[in-house]
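> fold the following.
(chains A and B)
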Amino acid sequence: MITALLIFFPILGSLLLLLLKGESVKKIALLLVLVEFAISIAAALRFVPASGTQFLLDIPWIPAYGIHLKAGIDGISLLLVLLTTVLVPLIILSTFQRNFKNPAAFYALLLFMQAGLIGVFVALDGFLFYVSWEIALIPIYFISAIWGDENRVNVTFKFFVYTIFGSLLMLIAIIYLYLQTPGTHTYDLQAFYDLNLTLSQQTFVFWAFFIAFAIKMPIFPLHTWQPDTYTSAPAAGTMLLAGIMLKMGIYGAIRWLMPISPMAWSQNSYIIIDLCILGVVYGAIIAMVQNDMKRLVAYSSLSHVGLIAAGAFSGNLNGLQGAMIQMISHGINVVGMFFVIDIIEQKTGSRFLRDLGGMATKAKTLSICFMIILLGSVALPFTNGFIGEFLLLKSMNDINIWYGAIAGLTIILGAVYMFRMYQKSMLGELNSLTEKMTDLKWNEKLVLFTIVFLIIIIGVYPQPILEVSKYASADLLDLIHSREY
Amino acid sequence: MFELVWLVPLLPLLGFAINGLGFKIIPKSLAGIIGSAAVIGSFILSLILLNNLADSTVKSFTINLFTWFSVGDLSINLSFLYDPLSALMLLIITGIGSLIHIYSIGYMSHDPGYGKFFAYLNLFVFFMLLLVLGSNFLVMFIGWEGVGLCSYLLIGFWFKNQSYASAAKKAFVMNRIGDLGFLLGIFLIFNTFGSLEYSVVFSSLQSFASGNPILTTITILLFIGACGKSAQIPLHTWLPDAMAGPTPVSALIHAATMVTAGIYMIARSNALFNLTPLTMEIIAGIGLATAVLGALIALIQTDIKKVLAYSTVSQLGYMFLALGVGAYSAGVFHLMTHAFFKALLFLGAGSVIHAMSNEQDMRNMGGLKKKLPITYLTMLIGTLAISGIPPFSGFFSKDEILAHVYEFSPVMWGIAVTIAFITAFYMFRLMFLTFFSDFRGTESQKSHLHESPFSMTMPLIILAILSFAGGFLNIPEIFGGNHLLSSFLNPVLNTESHVLNLSHETEYLLMAVSVIGVLISIGFAFYTYVNRATLPAADIETQPALSKISFHKFYLDEFYELIISKPLRALSTMLFEFVDKAGIDGLINGTGKSVVFGGKYLRYLQSGSIGFYILIMVIGVAAMFIFSFIRF
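Have a look, this model is predicted:
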């Protein structure tokens, strides 16, 4: 029941918003997503980490094709659901100083997308998973294409081509799996797990899924839509993309890709981990000279997500648990980061480092929040980024010390590009542009203080988060490793 | 009692929280008091704890706070270890830290960022305490990274100056290079021993033979970490730039915190390092090389803080040399005496700079001893201590290192003792240029000359007393002493197995050589800078090549820029422009355009109308769906 509520409440909310007009839309949107947040908290409070998938929803949807509305929540799902329900209100709150044209459509799309995201994270049926995936994607096309900057059309087109290519591959894989199921066929995830596919069948499914998920994360070299889209989309869209949507790809890999094709995973995981680590270094190196702050953070995100994906694909517990907690942390930090950039751009008219400087004198609170978010993303101990990065790097190191060392370059390079960005924007003397800078407004404070609070609290006491996904992660790995050969 | 050891780091953390959160409302006068009181409180606690430890027969206490995180068999506790080594470090950090805090009340009184400054100082002390109190390598690592952050915040404290901000960034990045080594070392330790707790790791070493390759790798990785934090070649270049921060920060970084971390780490892990002779030789070699390099650079600098900064580099090299030859307690002893006199010298320099209206160039000073008598006298004591004149503290610690080095290799001793001569020379050069002869500054500077307020001179006086008497804590046998400090540290450092095997005659001889050499050095400095009143040239470019190279710090910054920073930036631009944009994106755009929507007749599809795209997608999806049904 609670699962159904989590999926359908935002859809209803989104329809409701379409009926509204004017200033009140954003407030009602915020109220609605706060209710959604409360529902997720209710689920979390009733959740028992050790007892597998809970709050199971299973009703026939299109029985003729074996399609069920089947969804449930285990520890892995719960963390991502919570990430979504925490971040969406913050993202909506972050837009309170902004006036969009046609606000009802904007916020309705946001809520619609939230439903899709939650659907992806709880679906236990291939068809539902695919539909949710598309429901999450379609609103972001509109958000980028309607409310984005002057390059929005070309950029959204590229994004669209990329993701539709991935979606189609995924659809083919899902239908293929469906057709392999015995009897009257079903899209049930468990049935997919139970298929006895040969290695070559698995390899096909593996790559089809992988490309779809890799585009979403993104993994090098399928990432070139990302910096452009992040740059061109409105801040709220970028936050959704980077904060939550890319986790769909990693989640897909964890929940669908690896357990369904464990033999193919076992054969190909090294190539994938190589690609991920290459992306870690590649993204970090490119981030070092970027001038556009949004693009810089986009490349840093490529780097961070490369490490998360590497850990997820490593198939060891440190890697998977590290990936889980790092998805949460990355989501929080990247939303904070893009919000800070948005604030800067709103107030000075530029987000280019060559135009900025000295803002710490004008906006003390902002500069402190920015610093703490930055520390989170460079993974300083006692910030949320540390535990994840530690576990992920350990999982790399356990494969081979050179993997650890190369992936570990992110520790150094991350400090280089992040502190460069901070120095060029916040430190030094003011100039004519940054003279205009002012400190935070109430809604900005509320968002950034929440983020800073989360960064520190998770950093100091991360165990509850690890505890939530502990059993689910271990079960999943058992499942994968039991069918690896 | 020992369960309360967590109060020691807690107090500075509270100080940080209060000043950090309340920087807008807490009045200036109160901020300094809160900050100082927090550290003084920790110091008093540390004294009480030491008193208890002295009475206790058990010398090691583990205090477990909570499980920080656990994944599978990896379980990390936030727990503390209180034993003689951490007890000593606590006293050094909080003791000298307190004096630096008190000094800052006066020194920073005109600064608008006063409250923030004390918040950062408190945080610095907190992380440093965590570093030395941790009972496992990961807690040490928390502190390790934390002090890196604080050094960033404090070096770049006057952030409006871009070069200061750059110095801060450099410090953080150089430290992070070392941190990566340390982190990899931690992974390897866990995989080898199944735990990161010191007690588990060090007690399971019996099964390892000396020279075990895994242990060698671990120790080398740890040493890379130590190189970053304690400014050893090749990661030393951040430390001299770190003087960009306010002077009390330099004192804190160079004396009580930060740079001592590397020494502490190796001393703490001595059981590991004892089994890896190769690493020990590397440490001794790097330490000696750093000592030489630092001394040669300090010799020619004209900025008073720069001389001190390079002398720190050099003295740290000395400490690593001691560690490398297995004389852990000598290294820790020198760490302590150095903390006294280097804090004194930096704070003294701060007092000079304060009096000189922020002038740092010694060529514009001179004759200050009459105007700044307390600063002069205290700094003189510090200089005598660092030069190793008996019975000042530096004499005992340096002598102990030299004796151990001699036992290890007389050639290295020769080099090390030469460094001692050079040290005496450049330190007295500093003293003579600053305090002797006639005043060379501007008239307006002259009219402002004044001795610093009591809050600044009081710490100087206390530090001077410590710099004078600190050596008595560890008087060697030949002077009728009983190595009090070494015996105190014995439970951790196993000093009894590292006793000197030199005859008393040899020891006396070594001492005599170093003391006489140092006296000659001082005489030479006196002759050059007082009798002949030579001034360092105004334009270094006209000087002999060697001076030029030394003045430019052997061009190492330029070298790193050339071989690392520049190629990396070029690579970055290259990857961005050619691989990312032209290469991958070009390919994808090309494929996208030619395959998916190729053909010029379909060009109108790129109309930019998203609604239309979605329609196409839906049709496409449906088509795929149907197609798959037919095919399978």
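> do you have the helices of the stretch 101-250 of chain A handy? List them.
A:103-122, A:126-147, A:152-180, A:189-194, A:199-216, A:225-232, A:235-239, A:246-252 (DSSP state H, counting those that start in this stretch).
> need the ones you listed in CSV with distance to chain B, mean pLDDT and mean neighbour count, can you?
No exception for glycine: its C-beta is placed from N, CA and C like everyone else's. Listed next are the helices of the stretch 101-250 of chain A as CSV, based on distance: least, Cβ to the nearest Cβ, whole Å; pLDDT from 0 to 100; neighbours: other Cβ atoms under 10 Å in any protein chain shown:
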stretch, distance to chain B, mean pLDDT, mean neighbour count
helix A:103-122, 12, 92, 26
helix A:126-147, 5, 90, 23
helix A:152-180, 4, 87, 21
helix A:189-194, 16, 88, 17
helix A:199-216, 10, 91, 22
helix A:225-232, 8, 88, 24
helix A:235-239, 13, 91, 27
helix A:246-252, 17, 94, 25
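> could those helices go into JSON lines alongside distance to A:I465?
Converted to JSON lines, these look like this (distance: least, Cβ to Cβ, whole Å):
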{"stretch": "helix A:103-122", "distance to A:I465": "15"}
{"stretch": "helix A:126-147", "distance to A:I465": "23"}
{"stretch": "helix A:152-180", "distance to A:I465": "28"}
{"stretch": "helix A:189-194", "distance to A:I465": "24"}
{"stretch": "helix A:199-216", "distance to A:I465": "23"}
{"stretch": "helix A:225-232", "distance to A:I465": "26"}
{"stretch": "helix A:235-239", "distance to A:I465": "21"}
{"stretch": "helix A:246-252", "distance to A:I465": "14"}
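> now for those, which one comes closest to B:I105?
Nearest to B:I105, of all those, is helix A:235-239, at 43.7 Å by Cβ to Cβ.
> next, the angle from the longest strand anywhere in chain A to helix A:103-122.
Criterion DSSP state E: the longest strand present in chain A is strand A:54-62. Using axes from the mean of the first three to the mean of the last three Cα atoms, to 10 degrees, one finds that strand A:54-62 and helix A:103-122 are set 110 degrees apart in direction.
> am I right that B:L380 sits in a helix?
Yes. Under DSSP: H, G, I helix; E, B strand; the rest coil, B:L380 falls within a helix.
> hmm, back to that, mean confidence for the helix or strand that the longest strand of chain A is followed by?
Reading on from strand A:54-62 to the C-terminus, the next helix or strand found by DSSP states H and E is strand A:67-73. Average pLDDT, strand A:67-73: 91.
> what about the very next helix or strand once past strand A:67-73, near chain B?
Going down the chain from strand A:67-73, the next helix or strand is helix A:75-94, by DSSP H and E. No. Helix A:75-94 is not in contact with chain B by Cβ under 8 Å from any Cβ of the partner chain; minimum separation 13.0 Å.
> now the angle from helix A:75-94 to strand A:54-62?
Going by the same axes, to 10 degrees, helix A:75-94 makes 80 degrees with strand A:54-62.
> and helix A:75-94, how far out from the chain middle?
10 Å (Cα atoms, centre = their mean, to the nearest Å).
> hey, C-alpha coordinates of it in CSV?
Provided in CSV are the C-alpha atoms of helix A:75-94 (Å, rounded to 0.1, in the frame of the first residue of the first chain):
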residue,chain,number,x,y,z
GLY,A,75,17.3,-1.6,1.8
ILE,A,76,18.8,-0.6,-1.5
SER,A,77,15.5,0.7,-2.8
LEU,A,78,14.7,2.5,0.4
LEU,A,79,17.9,4.6,0.4
LEU,A,80,17.2,5.8,-3.1
VAL,A,81,13.6,6.5,-2.5
LEU,A,82,14.6,8.5,0.5
LEU,A,83,17.2,10.3,-1.6
THR,A,84,14.5,11.2,-4.0
THR,A,85,12.0,12.4,-1.5
VAL,A,86,14.5,14.4,0.4
LEU,A,87,16.1,16.1,-2.6
VAL,A,88,12.9,16.9,-4.5
PRO,A,89,11.6,19.3,-1.8
LEU,A,90,15.0,20.9,-1.6
ILE,A,91,15.1,21.3,-5.3
ILE,A,92,11.6,22.9,-5.4
LEU,A,93,12.5,25.1,-2.5
SER,A,94,15.6,26.2,-4.3
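> could you give the angle of that helix to helix A:126-147?
20 degrees.
> give the other helices and strands that helix A:75-94 contacts.
helix A:24-46, helix A:103-122, helix A:235-239, helix A:246-252, helix A:317-348, helix A:442-460, helix A:463-482 (3 or more Cβ pairs under 8 Å, 6 or more residues apart in numbering or on different chains; DSSP states H and E).
> rerun at 6 Å
In terms of contacts (3 or more Cβ pairs under 6 Å, 6 or more residues apart in numbering or on different chains; DSSP states H and E), helix A:75-94 is packed against helix A:24-46, helix A:103-122, helix A:317-348, helix A:442-460, helix A:463-482.
> what comes into contact with that helix?
A:29-30, A:33-34, A:36-37, A:40, A:47, A:49, A:114, A:117-118, A:121-122, A:236, A:239, A:243-244, A:247, A:251, A:324, A:328, A:331, A:335, A:339, A:443, A:447, A:468-469, A:471-472 (Cβ atoms under 6 Å, 6 or more residues apart in numbering or on different chains).
> now stretch B:39-47
Against stretch B:39-47 from outside (Cβ under 6 Å, 6+ apart): B:7-8, B:11-12, B:90-91, B:94-95, B:97-98, B:101, B:125.
> point out the residues in chain A that sit beside chain B.
By Cβ under 6 Å from any Cβ of the partner chain, the residues of chain A that approach chain B are A:141, A:145, A:153, A:160-161, A:164, A:168, A:171, A:175, A:179, A:221, A:224, A:285-286, A:288-289, A:317-318, A:321, A:380-381, A:387, A:391, A:394, A:397, A:404, A:408, A:411-412, A:415-416, A:419, A:423, A:427-429, A:462-463, A:466.
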